[in-house]
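A.B. asks: sequence first, predicted coordinates after that:
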Amino acid sequence: MVFNPNSLAVRAVDSRHIKKALLDIAAETPMAGNNLQFLIIILPDISGSYGTIKRVCVTELGIVSQCFQPRQASKYSKQYMENVSLKINVKVLINIQAKA
């Protein structure tokens with residue numbers, strides 16, 4: 001997996017338009033001939049978006065994603081960030097192995 005040092009801009013999207021936003025982001029981010037491979041998402045405060053995000057990222061776009069709950073992401077707890085980092089490492093490793 002090649003990481004682009006030019007990260008995406010932060011976007012706020014109405015939860016009713018999450019699928020369209022994900023499709024738009026993927027379409028707007030070609031990098032060196034490759035498609036977007038990893039996306040970090042801070043979930044909206046309302047529930048019900050997680051399933052849509054995961055379904056679109058995995059089945060429609062083939063993107064590895066990591067979601068955060070807003071209240072957890074804003075705390076910057078060392079343990080929480082370590083756990084999320086481990087999850088990201090595992091997801092990226094699985095993605096690399098699947099493509100090999």
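C.D. replies: Yep, that arrived.
A.B. asks: where do the strands sit along this structure?
C.D. replies: 38-42, 64-68 (DSSP state E).
A.B. asks: counting by contacts, list what the first one packs against.
C.D. replies: Taking 3 or more Cβ pairs under 8 Å, 6 or more residues apart in numbering; DSSP states H and E as the contact definition, the neighbouring helices and strands of strand 38-42 are strand 64-68. Where you see a C-beta, it was placed from the backbone N, CA and C, and this is true even at glycine.
A.B. asks: columns distance to Gln79 on top of the strands of the chain, output as a markdown table?
C.D. replies: Shown next, in a markdown table, are the strands of the chain (distance: least, Cβ to Cβ, whole Å):
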| stretch | distance to Gln79 |
| --- | --- |
| strand 38-42 | 18 |
| strand 64-68 | 14 |
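A.B. asks: tell me, what residue is most central in the chain?
C.D. replies: What sits nearest the mean C-alpha location of the chain, by Cα atoms, centre = their mean, is Leu39, with 2.5 Å.
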